[in-house]
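> next come a sequence and a model predicted from it.
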Amino acid sequence: MNSLCSPTSLLLPSPRRQFTPCLQVQPQNLCTNFHHYRVHHSFPLFLAFQFIPHHSLLTHKLSTGATVPSNEGTVSVINFEDFVEKDWSFLDSDNLISGDELNRKIEHIITAGQIEETSKVLVSIGSEGFIDRLVDSSPCNLLLVVHDSLFLLAGIKEKYDNVKCWQGELIYVPEKWAPLDVVFLYFLPALPFKLDQVFEALAKCCLPGARVVISHPKGREVLKQQQQQYPDVIISDLPDKTTLQKVAANHSFDMVEFVDEPGFYLAVLKFS
């Protein structure tokens, strides 16, 4: 398989983990579709992370005249200088809510999905802590994490090799993982799409009876604070009940539970 790796080609905002971006012709567990990439690059390639010892990368260079071992063939070169990684650390921060209370709310969110061992589960814009709880508490047939952050996905893959990770936007997720039984829209306000677009995409990849769980474990009060601190990440609000019911019904989703309190938001919808 053709690949091009570099230990310095991708700069991330935190030294918490060290990993190497690896450009590959075929997607593996962690991939990104550059056609929909935010910096508007358009390449028919995919980005995957391989955790490779630093000393093994001395033969690789990422530059205009990039070189690779002769047995790897010809590869394309991507300039990562324009790559910008947003700060998603606030999703795992619990300084505004006690750990026990946060755990109870996350457990409520996970339980609402009614996951079974045969379920195919998708999590959109999830925190690393939420994925940890999901993996520990709810074994399933497939767990797919979709996120804008390459750094966060790399951290998840480092811990859970069986978890599938896809970097990109929710409405462009490849159909190969469908049909889905459970979808967690863990942080809907970060999605750059209208609610109607989101449900239109979900209706195409959900099984009859599938559950969509929209949540915010800290509710609207904390969301407002987060919007002020991270305006480039949080670009929309949580939908009110009337709006959500109307849009969901247009795509054959029925509301089965709705909680909208200052400190907790949960909406559960079922695909009919």
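Alright, I've got the coordinates.

> please count neighbours and contacts with C-alpha atoms only from this point.
OK.

> is Pro231 in a helix, a strand, or coil?
What DSSP: H, G, I helix; E, B strand; the rest coil gives for Pro231 is coil.

> phi, psi of it?
Torsion angles at Pro231 (phi, psi; degrees, to the nearest 10) stand at phi -70, psi -20.

> count of neighbours near it?
Neighbourhood size, Pro231 [other CA atoms under 10 Å]: 12.

> with Asp92 instead?
Quick note: Asp92 (other CA under 10 Å) scores 12 neighbours.

> residues contacting it?
Each residue near Asp92 by CA atoms under 8 Å, 6 or more residues apart in numbering is listed here: 127-129.

> format those as JSON lines; extra columns: distance to Asp161.
Listed next are the contacts of Asp92 as JSON lines, based on distance: CA to CA, whole Å:
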{"residue": "Ser127", "distance to Asp161": "17"}
{"residue": "Glu128", "distance to Asp161": "14"}
{"residue": "Gly129", "distance to Asp161": "16"}
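
> and those residues, which of them are buried?
127-128 (16 or more other CA atoms under 10 Å).

> so what pLDDT did Glu85 get?
Looking at Glu85, its pLDDT reads 70.

> pretty sure it contacts Ser149?
Yes - using CA atoms under 8 Å as the test, Glu85 is close enough to Ser149 to be in contact (6.6 Å).

> any low-confidence regions in this structure?
1-84, 87-90, 93-98 (pLDDT under 70).

> can you do 50?
Flagging of the chain using pLDDT under 50 yields the residue ranges 1-29, 31-78, 80-81, 94.

> show me how it divides into domains.
Domain assignment of the chain by automatic domain parsing yields the ranges 3-82, 89-271.

> skipping adjacent residues, who's closest to His118 in space?
Just so we're on the same page, residue 118 is Thr rather than His. Asn141 (4.8 Å; CA to CA, 6 or more residues apart in numbering).

> tell me how many other residues surround the one you found.
12.

> what's near enough to touch it?
So Asn141 contacts 117-121 (CA under 8 Å, 6+ apart).
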